[in-house]
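Enquirer: I'd like to go over a predicted model; first the sequence, then the structure.
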Protein chains: 2
Amino acid sequence: MRKVKVFAPATVANVGCGFDVMGLALEGIGDEITITQRADSKIVISKITGADLPYDPNNNVVGAALKALLAEHDQAIGVDIEIDKKVMPGSGLGSSASSSAGIVVAANILLGNPFSKNDLVRFAMEGERLASKKPHADNVAASIYGGFVLIRSISPLDIIPINYPDNLVITIAHPQIEVKTAEAKKMLKESVRLDDAITQWGNTAGLVAGLMKGDYDLIGRSIMDVVAEPIRSLLIPFYHEAKQKAREAGAIGFNISGSGPAMFAITNDLGKAEKIKSVLHHIYESNGIPINCYISGISSGGVSEKI
Amino acid sequence: MRKVKVFAPATVANVGCGFDVMGLALEGIGDEITITQRADSKIVISKITGADLPYDPNNNVVGAALKALLAEHDQAIGVDIEIDKKVMPGSGLGSSASSSAGIVVAANILLGNPFSKNDLVRFAMEGERLASKKPHADNVAASIYGGFVLIRSISPLDIIPINYPDNLVITIAHPQIEVKTAEAKKMLKESVRLDDAITQWGNTAGLVAGLMKGDYDLIGRSIMDVVAEPIRSLLIPFYHEAKQKAREAGAIGFNISGSGPAMFAITNDLGKAEKIKSVLHHIYESNGIPINCYISGISSGGVSEKI
């Protein structure tokens, strides 16, 4: 039977200032999803490695995303699904989004690519709806499109790929504590001060301008968050020390990845990225908190087939 | 004695979505400011045409802006100032900003250009502080820099010129009713719903991306305002009819200029701009409201010396 295997990048949502509207895809971290067509029309999750997640397709994001896709396809098919989780749930690196993005891209390939990337984002958002109640698109759009994306609107869905300098390097630091996206979102207030909102939209626009101009300093000045970071950083021990030391080590920008606890630093220099990684590793390990750190380029193509 | 005359463009602040952070400069409308060096060190407003404004430099924005500039200059000078107002106060086209921008650029030329554009914006903001209590920069930065500008931050001041397609044409419709900026700002709430704020920063980022990509459709989709327009449009009779008819006539985007009552439409076609002008003129005149309509390109250079 036909088989498709894909690599679905982990993602950094918000990118500091663009709460719910910006995301970027990582090159080096991502889930692997393999689907094999079945003779019947059943959806079966046959294997999950790397995380303890439900095998019932009704309770797993891959099931929700795949069903949304199949509901718009005229031909009923069944598949066996193998999920190799590399993006830890609750990390802030878009774990549910990687699997949701991976399954819909894999299914699209299996079916002969009937759907557009925009369609695939729409389907993958149903995985996000299952994971966090609210169907946000910043992670799934970044994973499917690759690079930096702006989600100008989710209704109607309007995804804008943003050009960026090709030498950006991301350092990810993931302290081994879990933050649930739904709970982290609950901590945010339902309204923001107008002055703070103005600051935030100045920065979001500044980040887009900085990326498109290749202006590293502007990128750094724009990766500021007055809405989510002040609240979410309370859940991340040693956050402010980490931020300060990362900047001293050469980070252009530093902030929380998605709802955390993973943090990201952007540089344009691999040597600095390694220094930042080492500095962050030391802060947490010396305080008795295990931490995983990675250095990654930006995935330019998004979810890709593994041959 | 030495004399400098400048043309200081009128401006469209906010540009729909970028409340307090975006502005554009008009080519065809602007104040003319003439300064002549005096033998003494007095600041004298000797002539004002086109509007009924105070001659006392302490109560006129040009005085406030010029004093801010001279306070940072080591050489005391006096000037006679002539102001030819073409940008009507209370129009929403940055009337106080045009005069504030004009005076500081004129003084800078007279002094041999000791100050940067950023400095000049800072000084001109003191005119804005006098006019509307709060020193905003969107109008003065657009008038001084020209083109489209993003004011990422006012403290510290961070002005980002944004590239744009060179065939954009602006239609301005100014119904002859007055809206005071300070009062219009007072109508806005001090906080915004988080969901609305997210929509707004998606649009502000989308506008910057659309301008830099030359993507007219994206520019149009992004010129949306869920924060100020719903409130300020209440002060502008026939606003929604004007918007709908302008869009039917080919406007890519349409919104309130600054705090109104002037409205602007963007197109990439002079013929459409003329059609929009005619449609808007008809709506107001047929309802007994006098209206001034203009068609203008975008001023690429900002305040310019008139030889």
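Expert: Received, thanks. Residues are numbered from 1 along each chain as shown, chains lettered A, B, ... in the order given.
Enquirer: report the contact partners of A:D52.
Expert: Counting by Cβ atoms under 8 Å, 6 or more residues apart in numbering or on different chains, A:D52 touches no other residue. No exception for glycine: its C-beta is placed from N, CA and C like everyone else's.
Enquirer: from A:N60, how far out is it?
Expert: Distance, A:D52 to A:N60, using Cβ to Cβ, to the nearest Å: 12 Å.
Enquirer: and if you look at A:V44?
Expert: Distance from A:V44 to A:N60, by Cβ to Cβ: 11 Å.
Enquirer: next one: phi and psi at the nearest residue to A:N255 once chain neighbours are set aside?
Expert: If the residues on either side of it in the chain are set aside, A:N255 comes closest to A:G16, at 3.7 Å by Cβ to Cβ, 6 or more residues apart in numbering or on different chains. Note on A:G16: backbone dihedrals following degrees, to the nearest 10 are phi 90, psi -70.
Enquirer: what number of residues lie near A:G16?
Expert: 25 (other Cβ atoms under 10 Å in any protein chain shown).
Enquirer: look at it and report its pLDDT.
Expert: A:G16 carries a pLDDT value of 96.
Enquirer: what parts of the stretch 151-300 of chain A come near chain B?
Expert: The stretch 151-300 of chain A comes close to chain B at residues A:151-153, A:158, A:160, A:162, A:188-194, A:197-209, A:212-213, A:218, A:221-222, A:227, as judged by Cβ under 8 Å from any Cβ of the partner chain.
Enquirer: only whichever of the residues you listed are buried, select them in ChimeraX.
Expert: Selection of the buried residues among those in ChimeraX, burial being defined by 16 or more other Cβ atoms under 10 Å in any protein chain shown:
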select /A:151,152,153,158,160,162,191,192,193,194,197,198,199,200,201,202,203,204,205,206,207,208,209,212,213,218,221,222,227
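Enquirer: Three-state assignment for A:K277, please.
Expert: Under DSSP: H, G, I helix; E, B strand; the rest coil, A:K277 falls in the helix class.
Enquirer: hang on, it packs against A:S296?
Expert: No - the pair A:K277 / A:S296 is not scored as a contact, 10.6 Å apart, by Cβ atoms under 8 Å.
Enquirer: list residues touching both of the two?
Expert: Joint contacts of A:K277 and A:S296 (Cβ under 8 Å, 6+ apart) do not exist.
Enquirer: out of A:V44 and A:N60, which sits in the more crowded spot?
Expert: Ranked by neighbour count (other Cβ under 10 Å), A:V44 and A:N60 place A:N60 first, with 25 against 15.
Enquirer: what separates A:I289 from A:I283, distance-wise?
Expert: Taken as Cβ to Cβ, the span from A:I289 to A:I283 is 9 Å.
Enquirer: quick check: neighbours shared by these two?
Expert: Common contacts of A:I289 and A:I283 (Cβ under 8 Å, 6+ apart): A:F238.
Enquirer: looking at those two, which is more packed in?
Expert: A:I283 (20 against 14).
Enquirer: if you average pLDDT per helix and strand, which one of chain A comes out bottom?
Expert: Lowest on mean pLDDT, DSSP states H and E among the helices and strands of chain A sits helix A:181-187, with a mean of 68.
Enquirer: C-terminal to that one, what's the next element?
Expert: Following helix A:181-187 in sequence order, the next helix or strand is strand A:191-193 (DSSP states H and E).
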